[in-house]
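> How does the following fold in three dimensions:
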Amino acid sequence: MTRTRRLFAGGLAALLGGCAAAPAEPADPPASGAPPAVGFTAEVVVEGQSLHVTYRLTNQSPDELLVLNRVPGAADAVYVVGRSGTHVVEIGKRAFAMPDTDKVSWAQAARVGVTKVPPGESVGEQLTVSLPLSRRHPYGDDYGDGTITLPDPIEQVVFCLGVVRASEAKGLAADETLPHLSSTTSVQHLFCSNPIGLP
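Next up, the predicted model:
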């Protein structure tokens, strides 16, 4: 190969490397089994530079439920992640699986707090989430393959709430938290609002 061709090939490789796809969201394994019977309403409203989220969940099942709505941080703290392959962003109070990677290790699993909801009881909140949205995941934004970002542009937003039957919960500690692990997501059921468009 001549020097000119080598330079061209090197430049092309650098160009292609710079156009590599952004790292994707980690896999979000679905729950197994049927979801519990609940009454669920949720609404997301855009107002100025904020999203206002209102939700209410009523336990209509015979089992005590754990609602995963105590995200560490401020009172309105939520998780914010993209849905892979779409321009949809999910605002959530829920559990996530620990990312499956051999490039990063965590000393212990991150945790999310729960609210116990006995049969017939309800739980609800009103939340304000600032715009523009920033990604927030319990294990951060980089799992060894680069920084994960939200879709660009963001076309729709949805709110989701995680619920687990107390009888199926694994790793429930005295401080009433559950780990962000596949053992939790395997029994977690998500209840979500209708998606709304962002202006």
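> so where do the helices sit in this protein?
If DSSP state H is used as the criterion, the helices of the chain fall at 3-18, 182-185.
> least reliable of the ones you listed going by mean pLDDT?
Among those, helix 3-18 has the lowest mean pLDDT, at a mean of 40.
> quick one: G171 from S193, how far?
The gap separating G171 from S193 is 28 Å, by CB to CB, to the nearest Å. C-beta coordinates here come from the backbone N, C-alpha and C atoms, glycine included.
> Comparing the two, which residue is more hemmed in?
S193 (20 against 12; other CB atoms under 10 Å).
> show me the contacts for the nearest residue to the more buried one once chain neighbours are set aside.
Once flanking residues are discounted, S193 sits nearest to A42: 3.7 Å by CB to CB, 6 or more residues apart in numbering. Shown in contact with A42 (CB atoms under 8 Å, 6 or more residues apart in numbering): 53-56, 159, 161, 191-193.
> can you pull out the strands in this structure?
38-47, 50-59, 65-70, 79-82, 88-93, 111-117, 122-130, 156-165, 177-179, 188-192, 196-197 (DSSP state E).
> And the contacts of the shortest one?
Contacts made with strand 196-197 from outside it, assessed by CB under 8 Å, 6+ apart, are listed as 44-46, 155-158.
> Of the residues you listed, which qualify as buried by neighbour count?
44, 156-158 (16 or more other CB atoms under 10 Å).
> Nearest to A110 among the residues you listed?
V158 (22.2 Å; CB to CB).
> any idea how far the closest residue in space to that closest one that isn't next to it in sequence is from P26?
Excluding its sequence neighbours, the residue lying closest to V158 (CB to CB, 6+ apart) is P195, at 4.4 Å. As for P195, its distance to P26 is 21 Å (criterion: CB to CB).
> returning to what we had before: can you say which two of the buried ones among the contacts of strand 196-197 are spatially most distant?
Taking CB to CB, the two most distant members of the buried ones among the contacts of strand 196-197 are V44 and Q156; they sit 9.7 Å apart.
> Can you check what pLDDT the model gives D28?
So, for D28, pLDDT stands at 89.
> residue contacts, it?
96-97, 185.
> Quick one: these as CSV, columns for neighbour count and distance to G85 too.
Shown next, in CSV, are the contacts of D28 (neighbours: other CB atoms under 10 Å; distance: CB to CB, whole Å):
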residue, neighbour count, distance to G85
F96, 25, 18
A97, 21, 18
T185, 25, 19
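> As CSV, could you dump the C-alpha coordinates of stretch 67-78?
Extracted in CSV, the C-alpha atoms of stretch 67-78 (Å, rounded to 0.1, in the frame of the first residue of the first chain):
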residue,chain,number,x,y,z
VAL,A,67,-44.4,0.7,45.6
LEU,A,68,-40.9,1.7,44.7
ASN,A,69,-41.4,5.4,45.0
ARG,A,70,-38.7,6.6,47.3
VAL,A,71,-35.9,7.5,45.0
PRO,A,72,-32.8,8.7,46.9
GLY,A,73,-32.3,12.4,46.7
ALA,A,74,-34.6,15.4,47.0
ALA,A,75,-38.4,15.0,47.5
ASP,A,76,-39.1,15.1,43.8
ALA,A,77,-36.2,12.8,42.8
VAL,A,78,-36.9,10.5,39.9
